[in-house]
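Q: Sequence isn't available, so here's the structure alone:
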């Protein structure tokens, strides 16, 4: 586990809610679930299209202290400064209940890209 001083960047976790528009459709509404301080490692990110598949290279590694009072889900959207991030992987580091490691990339507001496959799903 990293020193507590390392957890210096405030990040917010937002829940996505589907709201009916009253005409048979729906739209997304966001509510703040919780905020916490994290240690963020930024990796270079690039997006390329290969054979009709969007390939993501680069990501953010986000480390948070383990907390019993929260539940982090892949459906959360992360707000880091002015960036919106999509969670790809959630790891309880060494299964010790001391630290979470999240793998995330910048959101492009195109969530259907990740329905069939996730390039970071088994990132370890």
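A: Structure received. Quick caveat, the model's predicted, so the values are computed rather than measured.
Q: burial measure for residue 60, as a count.
A: Residue 60 is surrounded by 22 other residues when neighbours are defined as other CB atoms under 10 Å. (C-beta placed from N, C-alpha, C; glycine too.)
Q: repeat for residue 103
A: Using other CB under 10 Å, residue 103 is surrounded by 22 other residues.
Q: Just confirm it contacts residue 61, I think it does.
A: Yes. Judged on CB atoms under 8 Å, residue 103 makes contact with residue 61 at a distance of 6.3 Å.
Q: most centrally placed residue in the protein?
A: In the chain, the residue lying closest to the centroid (CA atoms, centre = their mean) is residue 87, at 2.4 Å.
Q: now residue 92: how far from residue 78?
A: 17 Å (CB to CB, to the nearest Å).
Q: So which of the two has more stuff around it?
A: Neighbours per residue (other CB under 10 Å) separate residue 92 from residue 78, with residue 78 holding more: 22 against 13.
Q: what pairs with the more buried one across the strands?
A: Residues in a beta bridge with residue 78, per DSSP bridges, are residue 13, residue 85.
Q: For it, give me its contacts.
A: Contacts here follow CB atoms under 8 Å, 6 or more residues apart in numbering; on that basis residue 78 touches 11-14, 62, 84-87, 102, 104.
Q: quick one: residue 88 and residue 100, what's the gap?
A: With distances defined as CB to CB, the gap from residue 88 to residue 100 amounts to 13 Å.
Q: and residue 96, backbone torsions?
A: Taking degrees, to the nearest 10, you get phi -100, psi 0 for the backbone angles of residue 96.
Q: what's around it, how many residues?
A: Residue 96 is surrounded by 9 other residues when neighbours are defined as other CB under 10 Å.
Q: From residue 14, how far out is the residue sitting furthest away from the middle of the chain?
A: In the chain, the residue that sits farthest from the middle, by CA atoms, centre = their mean, is residue 23; the gap is 31.2 Å. In this structure, residue 23 lies at 25 Å from residue 14, with CB to CB as the measure.
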